[in-house]
Structure formats: structure tokens, C-alpha cells
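Asker: Could you look at this predicted model? Sequence included:
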Amino acid sequence: MNFQDISDEDGAILVKMARATVTEYITNNNKVSDQIFKEKFSFNAGVFVTINDKYGLRGCIGFPLAIKKLSDALTDAAISASTDDPRFSSVTQDELDDLVFEVTVLSDTKEISADSLDEIIHAIKIGRDGLMIEKDFQSGLLLPQVPVENNWNVEDFLNHTCHKAGLPNYSWKDKTTKISKFQGAIFREILPNGEIIREKFQ
């Protein structure tokens, strides 16, 4: 199974597990152990868990490469998003009922090979592709939903991904910069602990 095979039902299970994992960890300092979940999602995949509150982003951590089984990557990412995102303080128990959980399961990354800046721009589709930029031991990643949520065009998306990597905005124009794209299956709660939908931007 890969990200394209994940059904809406699978997505709902993943989001519910992300919430359950954070709830158990924040409330009891324990990790959830669910053998059925582990067996169902025993294939390797990259994944990000995003947590939002009424003000916006509350935490987002994940694994861009398929280096772990999805079951383990999901629970590890959920705990890290709620406690280890350096941009935010740890989520508290009092917040849990007001948070919206989102899970993005990633495809493999594919390097963009292009002879011109126009070819790079035309190789990227807003709403379909996420980006990873790497240069001089620095890297940054933005998920496919980010440019849609911020109303960016492709150049904006490239510049912001460079910024995420700690690089000057226009570093993507440098031929030594590696630009890769990927896709994602995105599932999120509409309301805190509410209905879970698959996001479709295309």
C-alpha cells in the first residue's frame, strides 16, 4: 500500500489515532499501543501531523521520507507535533477539545530536473505538489496544502520553501540547489473531534 491507496476510511483512522495518541500522551504520559492499527499500517511512508487551534497553526512535525512504518511514524509525529515543535509551547490537556487534527501521508519525493527557471515553475502544480529544497546541508519542506491556504503562486511557494530551509528566498534559482516535489493524501477534522474529510485542492 502507498499514499494513493489510502481510503477515506483509512484517513479517518489515521486522524483519530493522531488525536488519541496526543490525548493519551498529554494526559497520562503514555504511548498508545494498538496492534490492529500497527498491522494495518505496517508499510513505510512519510507522514506529517498538523495541529491547529482557532488562531491557526499549533504544531506540525513529520517524517518526509519513508524511513518508518506508517503506524510508528504517525504516532511519533503526533507526539512531536504536540510537544516538540520549537515554534510553540507544548499542548496542554485543557486545549485538547479545541484542537483540529490533520494528517498528510506523503508519496516518495521526486527531484525536479530542469534546464531553465521556467521549466522548474511549470513542473510544480499548486494544490497537488509539496516541495522540499536542499542546499549546503540545509533543507526545508512545505506540504501541498500550504500554498493553497496562503494563496501563493509557484514562485511564492519556492521562495517560502527556501526560507523554511534557512536559505535566501531565491536560492531555488541556484543550479546547486536540489528541488524535489511530492504529493500527499490529506485528511482533517472539520471541527475539533468532528467529521473527518479528505482535502481536495485540485
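Answerer: In hand now; what should we look at? Here the structure is a predicted model, which means the values were calculated and not measured. Residues are numbered from 1 along each chain as shown.
Asker: Skipping adjacent residues, who's closest to the residue nearest in space to the middle of the chain in space?
Answerer: Nearest to the geometric centre of the chain sits Phe48, at 3.2 Å (C-alpha atoms, centre = their mean). Nearest non-adjacent residue to Phe48, counting by C-beta to C-beta, 6 or more residues apart in numbering: Gly62, 2.9 Å away. (Each C-beta comes from the backbone N, C-alpha and C, glycine too.)
Asker: Need the single longest helix in this structure, by residues.
Answerer: Of all segments of type helix in the chain, defined using DSSP state H, the longest is helix 8-28.
Asker: What mean pLDDT does that helix get?
Answerer: For helix 8-28, mean pLDDT rounds to 97.
Asker: What are the boundaries of the helices in this structure?
Answerer: Going by DSSP H, the chain shows helices at 8-28, 35-40, 70-83, 117-122, 145-150, 154-164.
Asker: on that earlier part again, ok, how many other residues are close to the residue nearest to Phe48?
Answerer: By other C-beta atoms under 10 Å, 22 other residues sit near Gly62.
Asker: mind listing what it touches?
Answerer: 46-49, 73, 77, 81, 104, 106 (C-beta atoms under 8 Å, 6 or more residues apart in numbering).
Asker: backbone phi and psi for the nearest residue to Gly130 once chain neighbours are set aside, please?
Answerer: Closest residue in space to Gly130, ignoring its immediate chain neighbours: Pro144 at 4.3 Å, by C-beta to C-beta, 6+ apart. Main-chain torsions, Pro144, degrees, to the nearest 10: phi -60, psi -30.
Asker: what separates Pro144 from Asp115, distance-wise?
Answerer: Pro144 is 25 Å from Asp115, where distance means C-beta to C-beta, to the nearest Å.
Asker: Please apply the same query to Leu74.
Answerer: 39 Å.
Asker: Between those two, which has more neighbouring residues?
Answerer: A count of neighbours by other C-beta under 10 Å puts Leu74 above the other of Leu74 and Asp115, at 27 against 8.
Asker: Got the confidence number for that one?
Answerer: pLDDT, Leu74: 98.
Asker: Now it: closest residue in space that isn't a chain neighbour?
Answerer: Val47 (5.4 Å).
Asker: is that neighbour in a bridge, and if so with what?
Answerer: Counting by DSSP bridges, Val47 forms beta bridges with Phe63, Val105.
Asker: This structure - how does it break down into domains?
Answerer: As assigned by automatic domain parsing, the chain contains the domains 3-107+184-198, 110-182.
Asker: one step back: for the helices of the chain, give me JSON lines that also has distance to Pro192.
Answerer: Shown next, in JSON lines, are these (distance: least, C-beta to C-beta, whole Å):
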{"stretch": "helix 8-28", "distance to Pro192": "9"}
{"stretch": "helix 35-40", "distance to Pro192": "22"}
{"stretch": "helix 70-83", "distance to Pro192": "14"}
{"stretch": "helix 117-122", "distance to Pro192": "38"}
{"stretch": "helix 145-150", "distance to Pro192": "18"}
{"stretch": "helix 154-164", "distance to Pro192": "27"}
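Asker: any idea which of these is most buried?
Answerer: Per-stretch averages of neighbours, counted by mean count of other C-beta atoms under 10 Å, single out helix 70-83 among these, with a mean of 23.
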